[in-house]
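here you go, sequence then predicted model.
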Amino acid sequence: MTTPRFHIDADLPLDEPVPLPADVAHHAIRVLRLRDGATITAFNGRGGESQGRLRVDRARAWVLLDRFDPVERESPANVTLVQAWVASDKLEWIVEKAVELGAAAIVLVPAARSVVHLDGVRRERRLQRLQETAVSACCQCGRNRVPDVRSAAALRQGLESALGAGAFGVLFDPYTGEPVAAALPTKGPFALLVGPEGGLDASELSLATRIGYHPVTLGPRILRTETAALAGLTALQLLCGDMR
């Protein structure tokens, strides 16, 4: 049986009681039905993970950690996914699977054909929910560093921020792009741009290529936005990441 993993956003000292946040305690005790003395793994998102025992006393729950493992499970491809805003159910699925596939960060950007347009308060609420989705995905897949999920006010801003210090920009265009295996370098970092449900329009494609994003294709078929994001991440992992 796999040892349950929990994210605790706090320092994790060894041999000292570490209180479980209310939501983590509820999940451990009420959902997973773990008992006092159960073995668990805890991580705080800053690298490495610790093993210890769950302690439960009535309404209180904490963990006593006795071993730290500096193991890293991050992908050498180092991909920032630049994803246009899409419908909420699709976006949560994209974030969850992108984290499992090793995305280092996710930047959400507006696009002309996006069906979702959120104001400040609603956008912050949605970002918080998506960050929680990223944390849950890390708990499931074994990652010990939680990817940042953030948004950009404009497409250009998101594209430029994702390129960062020397990232190779990639966008999918089934009509004019080069085959993905021939167009990409053999190591990251990468910035991977994926459009909304209706795709990027001509002006957005032009902007991205001027900034430094290279059109590539995964084949002659038109992929849905959620398929393109995950297919692109998988291709980069296979060519340059830990699937090699």
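It's in. Numbering: from 1, shown residues only.

going forward, measure contacts and count neighbours with C-alpha atoms only.
OK.

three-state assignment of residue 50?
Following DSSP: H, G, I helix; E, B strand; the rest coil, residue 50 is assigned to strand.

just how off-centre is the lowest-mean-pLDDT helix or strand in the chain within its chain?
Among the helical and strand segments of the chain, the one scoring lowest on mean pLDDT, DSSP states H and E is helix 180-183, with a mean of 82. Remark: helix 180-183 is offset 24 Å from the chain centroid, using Cα atoms, centre = their mean, to the nearest Å.

so which bits of it are buried?
residue 180 (16 or more other Cα atoms under 10 Å).

list of residues touching it?
Residues outside helix 180-183 that contact it (Cα atoms under 8 Å, 6 or more residues apart in numbering): 214, 216-218, 235, 239.

please type out the PyMOL selection for whichever of those turn out to be buried.
Restricted to buried positions by 16+ other Cα under 10 Å, the PyMOL selection for these reads:
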select buried, resi 214+216+217+218+239
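
out of the contacts of helix 180-183, list just those in helices.
Judged by DSSP state H, helices contain the following of the contacts of helix 180-183: 235, 239.

is residue 132 in a helix, a strand, or coil?
helix.

and it, how many neighbours?
By the criterion of other Cα atoms under 10 Å, residue 132 has 16 neighbours.

quickly note the distance from the nearest residue to residue 234 once chain neighbours are set aside to residue 134.
Spatial nearest neighbour of residue 234, excluding adjacent residues (Cα to Cα, 6 or more residues apart in numbering): residue 101 at 6.9 Å. Using Cα to Cα, to the nearest Å, residue 101 is found at 12 Å from residue 134.

tell me which of these two has more neighbours.
Shown here are residue 101 and residue 134; by other Cα under 10 Å, residue 134 has more neighbours (25 against 21).

where does pLDDT dip in this protein?
For the chain, residues meeting the criterion pLDDT under 70 lie at 1.

switch to 90 and redo it
1-2, 30, 57-60, 88, 115-121, 164-166, 172-188, 197-198, 217-222, 243-244 (pLDDT under 90).

tell me where it has strands.
5-7, 17-19, 39-43, 49-57, 60-69, 79-84, 105-109, 148-151, 168-172, 178-179, 190-194, 213-217 (DSSP state E).

quick one: which of the ones you listed is nearest residue 123?
strand 148-151 (8.5 Å; Cα to Cα).

and the closest one, what does it pack onto?
Packing contacts for strand 148-151, counted by 3 or more Cα pairs under 8 Å, 6 or more residues apart in numbering; DSSP states H and E, involve strand 105-109, helix 120-141.
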